[in-house]
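[1] sequence and predicted structure, then a few things I'm wondering about:
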Amino acid sequence: MNINTAYLSSLLGSSASTGSGSQATQATGALAAASAALSKTATRIQADATATTAQLSSFGQLKSALASSQTAAQALSKLSSTSSATDVTQAMGDFFNAFNAAVKAAKTTAAVPGSAQAAQAAGRVGRDLDGALTGGVANQNAMSKLGLSVQADGTLKQDASKFAAALAKDPAGVAAALAQLGQQVQTAAGKELASDGNVGSSVAKLTQHSSALTQQQKAMLTLQQSTGLSVYQRASGQ
């Protein structure tokens, strides 16, 4: 945003001068036009800042949910044939809840108004998590053995009876199936959270944009102080 403080100051001086009525009227009109333009700019900046803050907050929740799903997935990969039925069931439940929370957070974040690029990145997170579970024959076999399926909204659904029967009949096979899925989701979540991942890069870009908007708002305040225009206060409702 290019703010010409010197020009606005000259307008203020012109409007206060003792020149002809025509000149004073022209100066006052130019000043009113400049004030209206700046008021519009201030409103736009404030709206952008509000939307960016909301997106950053939602991405923060998505980041936390992904980290939790990564931790839960890692716990699955550590299960073995010697793990107790209670430990296996608990680990499965933790993963189930964490994965669904991450999918829901991705969907919520994708719907937050603001940067279209960031919204699209959040949408890809949900699709990537889906792919981490359903991509490949090995994953599909593991899902079937555990009684798991992916619903239309991307969240997991489990046939508890099928899982319990499989665990009682083949605990080693269940542990192996869980480890298979856990490794895939752990890797996928890590990629999303990385600096070049959908979440990591989006948070960085939104943070940078938020900082730029803050600087623009400071420039507007400086302009107000140097010219006497109450543009920023009127635009932001302060």
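    Now that the structure is in, tell me what you want to look at. Numbering: from 1, shown residues only.

[2] how about the strands of this protein, start to end?
    148-150, 156-158 (DSSP state E).

[3] and the last one, which residues are buried?
    By neighbour count, with 16 or more other C-beta atoms under 10 Å as the criterion, the buried positions of strand 156-158 are Leu156. Any C-beta I mention is one placed from the backbone N, CA and C, and that applies to glycine too.

[4] contact partners of that strand?
    Residues outside strand 156-158 that contact it (C-beta atoms under 8 Å, 6 or more residues apart in numbering) are 96, 99-100, 133, 146-151.

[5] and it, how far from the chain's centre?
    Remark: strand 156-158 is offset 25 Å from the chain centroid, using C-alpha atoms, centre = their mean, to the nearest Å.

[6] what's near enough to touch the closest residue to Gly190 other than its chain neighbours?
    Here the nearest residue to Gly190 in space, its sequence neighbours aside, is Gln70; by C-beta to C-beta, 6 or more residues apart in numbering that works out to 6.2 Å. Applying C-beta under 8 Å, 6+ apart to Gln70 gives the contacts 185-186, 189-190, 193.

[7] chain center to the helix ranked longest in the chain: distance?
    Longest helix in the chain, counting residues (DSSP state H): helix 21-77. Chain-centre distance of helix 21-77: 14 Å, with C-alpha atoms, centre = their mean.

[8] cool, and stretch 155-171?
    34 Å.

[9] next, the buried residues of that stretch.
    155-156, 163, 166-167, 171.

[10] what mean pLDDT does that stretch get?
    In this model, stretch 155-171 has a mean pLDDT of 95.

[11] now do stretch 62-70
    Rounded mean pLDDT across stretch 62-70 is 98.

[12] got the buried residues for that stretch?
    Going by neighbour count (16+ other C-beta under 10 Å), the buried part of stretch 62-70 is 62-63, 65-70.

[13] and the two most separated of the residues you listed?
    Of all pairs drawn from the buried residues of stretch 62-70, the widest gap by C-beta to C-beta lies between Leu62 and Gln70 and measures 12.4 Å.

[14] which residues sit against stretch 105-119?
    The set of residues external to stretch 105-119 that reach it, using C-beta under 8 Å, 6+ apart, is 51-52, 54-55, 58-59, 61-62, 64-66, 120, 122-123, 125-126, 129, 153-154, 202, 205-206, 209.

[15] name the nearest residue to the residue positioned nearest the centre of the chain, sequence neighbours excluded.
    With distances taken as C-alpha atoms, centre = their mean, the residue of the chain nearest its centroid is Phe59 (2.7 Å). Nearest residue to Phe59 in three dimensions, chain neighbours excluded: Val203, at 5.2 Å (C-beta to C-beta, 6+ apart).

[16] who's in contact with that neighbour?
    With C-beta under 8 Å, 6+ apart, Val203 has these contacts: 56, 59-60, 63.

[17] can you pick out the most distant pair from those residues?
    Leu56 and Lys63 (10.1 Å).

[18] correct me, but Ala72 touches Ala101?
    No - in this structure, Ala72 is not within contact of Ala101 by C-beta atoms under 8 Å, at 9.6 Å.

[19] and those two? which has more neighbours close in?
    More neighbours surround Ala72 than the other of Ala72 and Ala101, with 24 against 19 (other C-beta atoms under 10 Å).

[20] who touches the more buried one in this structure?
    Residues near Ala72 by C-beta under 8 Å, 6+ apart: 91, 94-95, 97-99, 182.

[21] mind running it again at 7 Å?
    Contact partners of Ala72, counting by C-beta atoms under 7 Å, 6 or more residues apart in numbering, are 94-95, 98.

[22] mind putting these into a markdown table with pLDDT and distance to Gly197?
    What follows is those, written out as a markdown table (pLDDT from 0 to 100; distance: C-beta to C-beta, whole Å):
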| residue | pLDDT | distance to Gly197 |
| --- | --- | --- |
| Asp94 | 97 | 23 |
| Phe95 | 97 | 20 |
| Ala98 | 98 | 18 |
